[in-house]
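Visitor: coords below, sequence missing:
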């Protein structure tokens with residue numbers, strides 16, 4: 001259980017690095033609320049690193065001009 005939590009926090013740390021360093025360069029382009037990176041963090045905390053990562057990846061795949069928009073919580 002400790003490994004699972006540590007792995008989840010490591011994944012969240014990677015997303016935080018993206019939010020700090022890369023997101024300002026790319027600008028706000030997410031069509032959903034919360035943003036895809038915030039959704040990913042919430043999903044990993046709620047479902048764990050494996051299922052949360054899959055849900056986050058699916059969300060990123062839907063974040064395109066044809067994939068919808070609006071409020072979407074994990």
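Guide: In hand now; what should we look at? What you are looking at is a predicted structure, and each value in this text was computed from that prediction instead of being measured.

Visitor: in this protein, where's the longest helix?
Guide: helix 2-17 (DSSP state H).

Visitor: and the next element down the chain from that one?
Guide: Next in sequence after helix 2-17, counting helices and strands by DSSP states H and E, comes helix 23-26.

Visitor: could you give the average pLDDT over that next one?
Guide: Averaging pLDDT along helix 23-26 yields 89.

Visitor: buried residues, stretch 54-61. List them.
Guide: For stretch 54-61, a neighbour-count test (16 or more other C-beta atoms under 10 Å) marks 55, 56, 59 as buried. The way it works is simple: take the backbone N, C-alpha and C, and place the C-beta from them, glycine included.

Visitor: please narrow these to those residing in helices.
Guide: Short answer: those in helices (DSSP H) are 55, 56, 59.

Visitor: let's have those in a markdown table, adding pLDDT.
Guide: Formatted as a markdown table, those follow (pLDDT from 0 to 100):
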| residue | pLDDT |
| --- | --- |
| 55 | 97 |
| 56 | 95 |
| 59 | 92 |
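
Visitor: for the protein, which spans come out with low pLDDT?
Guide: Along the chain, the model assigns pLDDT under 70 to no residue.

Visitor: find the centremost residue of it, please.
Guide: Taking C-alpha atoms, centre = their mean, the centroid of the chain lies closest to residue 40, which sits 2.0 Å from it.

Visitor: any idea how far the closest residue to that residue other than its chain neighbours is from residue 2?
Guide: Nearest residue to residue 40, sequence neighbours excluded (C-beta to C-beta, 6 or more residues apart in numbering): residue 56, at 3.4 Å. Counting by C-beta to C-beta, to the nearest Å, the gap from residue 56 to residue 2 is 22 Å.
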